[in-house]
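> Okay, here's the prediction I keep looking at, along with the sequence it came from:
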Amino acid sequence: MKYLYIATLILLVSCRQSNNHSDKNEAANSDSLSKTSEIITEKTISLTDKTVKFLWRDSNNSIVINHEFCKTISAPEKAALGYVATFIGNECWWDGDYTDKRDHLKCEILTALDLGYQCSDKHLGFLKQWFKNDQAALNELEACPTIPNTSTIQDTFDEIILTTKGNEIIVFFKANGLNMREGETWNWIQTNYFHLDNDNIKLMKEDKSNLMFEQFGDSEK
């Protein structure tokens with residue numbers, strides 16, 4: 001009977017040690033997975049310092065986009081450029097016949113960034129995810145415009161330069177506008193400053209020059 005009691009005691013101690021080792025292994029594995037996840041997340045959204053000319057005009061005055069840069073662009077940089085492009089025309093045309101839904105406007109910048117049609121779920125869904133902590137930007141996105149290249153009144157880009165430094169993304173651009181009805185054009189330059197905060201970005205500041213107006217044709221201001 002004494003020997004049976006000792007054997008039982010040894011078995012219980014052995015089982016308890018085995019469970020303790022198992023718990024420690026599970027905790028170690030959990031910590032390892034957590035650290036790996038943090039490394040992957042950090043690597044995914046890390047930025048490299050750079051200055052890149054993203055858009056310019058050729059000799060025919062057509063938009064040219066740096067498609068090589070688009071192959072390696074980071075998600076935060078894409079969000080910054082996509083946000084700016086949302087509100088200024090960039091050779092946007094209806095992809096097929098016009099419909100009252102206005103849900104198939106194809107724009108050069110959004111196409112290059114693989115963000116789908118202007119104001120589509122793919123376009124706005126991506127931007128809203130990255131600007132999720134910027135309520136002012138989210139409010140602006142709610143008024144997403146669908147203005148084709150044939151509109152009487154429109155704005156468009158002449159040049160876009162993106163600069164990344166640390167956690168800052170700076171989008172400088174030159175733009176111009178046209179009002180065919182009034183025979184009026186205008187142009188300005190602007191710099192938007194974005195800040196990367198882990199898995200989201202915020203529009204921190206906009207520096208915009210005064211609009212410079214000109215008349216053309218027989219129209220009078």
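All right, it came through fine. Residues are numbered from 1 along each chain as shown.
> For the chain, just list every one of the strands.
Here the chain has its strands, by DSSP state E, at 50-57, 63-65, 93-94, 105-106, 153-165, 168-179, 184-197, 200-208, 212-215.
> Columns distance to residue 147 and mean pLDDT on top of the ones you listed, output as a markdown table?
Every C-beta, even on glycine, is put in place using the N, C-alpha and C of the backbone. As requested, these are exported to a markdown table (distance: least, CB to CB, whole Å; pLDDT from 0 to 100):
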| stretch | distance to residue 147 | mean pLDDT |
| --- | --- | --- |
| strand 50-57 | 18 | 98 |
| strand 63-65 | 15 | 97 |
| strand 93-94 | 11 | 96 |
| strand 105-106 | 8 | 98 |
| strand 153-165 | 5 | 97 |
| strand 168-179 | 11 | 98 |
| strand 184-197 | 16 | 98 |
| strand 200-208 | 19 | 98 |
| strand 212-215 | 20 | 96 |
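> Dump the ones you listed into TSV; add mean neighbour count and distance to residue 132 as well.
Listed next are these as TSV, based on neighbours: other CB atoms under 10 Å; distance: least, CB to CB, whole Å:
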stretch	mean neighbour count	distance to residue 132
strand 50-57	16	24
strand 63-65	18	27
strand 93-94	15	30
strand 105-106	19	25
strand 153-165	17	21
strand 168-179	19	16
strand 184-197	17	10
strand 200-208	15	5
strand 212-215	12	36
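> will you turn those into TSV that also has distance to residue 129?
Shown next, in TSV, are the strands of the chain (distance: least, CB to CB, whole Å):
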stretch	distance to residue 129
strand 50-57	21
strand 63-65	23
strand 93-94	27
strand 105-106	21
strand 153-165	20
strand 168-179	16
strand 184-197	13
strand 200-208	8
strand 212-215	36
